[in-house]
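Peer 1: below is the sequence, then the predicted model.
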Amino acid sequence: PSGEPSGPLRRVQGNNYDADNPHSDRLNATIMSLVRNSEVDDMVRSMQDLERTWNHKFNYPWTFFNDEPFSEEFKRKTRTATKAHVSYELIPPEHWAIPSWINMDLYNASVSRLTSQGVQYMSQTSYHQMCRWNSGFFSQHPALASYQYYWRVEPKVHFFCDIDYDIFAYMRDHNKTYGFNINIYDSPESVATLWPHTLGFLQQNPGFEHRNSARKWLEDGSKRPENKRKANGYSTCHFWSNFEIGDLGFWRSETYRRFFEHLDKAGGFFYERWGDAPVHSVALGLFEDKSKIHWFRDIGYQHIPFFNCPNNPKCEGCVTGRFTDGEKWLTREDCRPLWFKHVGMD
Ligand code: GDP
Ligand code: MN
């Protein structure tokens, strides 16, 4: 079209996004996944869905992270699933190991106590390590240093709708920091002291809270089903972080680094089972302008047992409007209405 730049910056229509095109319109962005070798086949299924519905048009590179070296099988199978560049990254041991200040007797006692209270995954040490890494360390990995945006993907998820635009360009052009897909409640026992520790941090750092924050969303328990309790002031409503599209700048910011350090020292990644989803959500809800958080309603998505399935002819394989194909009580886990109440829809 007229008005396109000419000369060396001229964009090659239809060819912009070739994986090897150094002049492509791609932003500094990557699709990323923390994943185990044993999950390779489920990872490939996730890749096939995202490639089919979106990435074969844009060829954003994939970056895989693991606390152990990736196997040749993992590399071979995942490379076959995309035309885009792929890289395989090891997590530095100091980003994964249980930190020195964790009291192992207290950790073991906490595991017994919260396991008996029904906190899922409490007794699986690697789960605690995974949540801590996703909370505080993925953004610090040197392999992401050159990237501004990331799209987090997990093995065994599904994407249902054709997406025709560059998601990362959307983030940039609309000045978004974070994109989510599904919001759910957490079990209050898993994050019992997250909010009190957060309030302690705010007290030590007055002025960190954004003037257009979504704090009221974090504190609102009004629409909770009656069988759900708040966690010492936190509604537990969170962005479900198996799907994240974000600006790494937020996680690298001084504010977030200090917040994470405060939480890490408090020990709740081990003495409780703080997930990266509530930790990310509390930070976004306090320190970011709520208008910079975007619901990607058009991205049809499933991570068992929940769906986001839009009413759109470009979607195939999910039931419009369905939130879960699991037991009926699971429909009450959806807390998106709480987000819409406080933030509205953009
Ligand atoms: P859930 O979604 O909360 O049930 O947790 P998942 O088991 O799906 O784990 C979340 C993500 O972290 C997935 O992408 C897993 O592949 C990954 N993950 C979990 N634990 C480990 C681990 O010990 N090592 C590695 N490399 N990846 C892990
Ligand atoms: Mn998962």
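Peer 2: Looks like it arrived, so ask away. Ligands and ions are numbered 1, 2, ... in the order given.
Peer 1: CA only for contacts and neighbour counts going forward, please
Peer 2: Will do.
Peer 1: what residues does this structure have near ligand 1?
Peer 2: Ser33, Leu34, Val35, Arg36, Asn66, Asp67, Ser126, Tyr127, Met130, Glu154, Pro155 (C-alpha under 6 Å from any ligand atom).
Peer 1: same thing but at 5 Å, please
Peer 2: Residues of the chain lying close to ligand 1 by C-alpha under 5 Å from any ligand atom are Leu34, Val35, Arg36, Asn66, Asp67, Ser126, Glu154.
Peer 1: JSON lines for the residues you listed, including secondary structure and neighbour count?
Peer 2: Shown next, in JSON lines, are the residues of the chain next to ligand 1 (DSSP: H, G, I helix; E, B strand; the rest coil; neighbours: other C-alpha atoms under 10 Å):
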{"residue": "Leu34", "secondary structure": "strand", "neighbour count": "21"}
{"residue": "Val35", "secondary structure": "coil", "neighbour count": "20"}
{"residue": "Arg36", "secondary structure": "coil", "neighbour count": "18"}
{"residue": "Asn66", "secondary structure": "strand", "neighbour count": "18"}
{"residue": "Asp67", "secondary structure": "coil", "neighbour count": "19"}
{"residue": "Ser126", "secondary structure": "helix", "neighbour count": "15"}
{"residue": "Glu154", "secondary structure": "coil", "neighbour count": "21"}
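Peer 1: mind picking the two most distant members of the residues you listed?
Peer 2: Ser126 and Glu154 (16.1 Å; C-alpha to C-alpha).
Peer 1: nearest to Thr115, of the residues of the chain next to ligand 1?
Peer 2: Ser126 (15.1 Å).
Peer 1: next, give phi and psi for the closest residue to ligand 1 within the stretch 151-300 of the chain.
Peer 2: Taking C-alpha to the nearest ligand atom, ligand 1 has its nearest neighbour within the stretch 151-300 of the chain at Glu154, 4.1 Å off. Phi and psi for Glu154, reported as degrees, to the nearest 10, are phi -120, psi 160.
Peer 1: same deal with Val86?
Peer 2: phi -130, psi 140.
Peer 1: any idea how far the residue nearest to Tyr150 when sequence neighbours are not counted is from ligand 1?
Peer 2: Excluding the flanking residues, the one nearest Tyr150 by C-alpha to C-alpha, 6 or more residues apart in numbering is Thr30, at 5.0 Å. Relative to ligand 1, Thr30 is positioned 15 Å away (C-alpha to the nearest ligand atom, to the nearest Å).
Peer 1: number of residues surrounding Thr30?
Peer 2: Neighbour count of Thr30, defined by other C-alpha atoms under 10 Å: 25.
Peer 1: mind giving me the packing neighbours of the worst-scoring helix or strand of the chain on mean pLDDT?
Peer 2: Using mean pLDDT, DSSP states H and E, the weakest-scoring helix or strand in the chain turns out to be helix 336-343, at a mean of 94. Under the contact criterion of 3 or more C-alpha pairs under 8 Å, 6 or more residues apart in numbering; DSSP states H and E, helix 336-343 touches helix 215-219.
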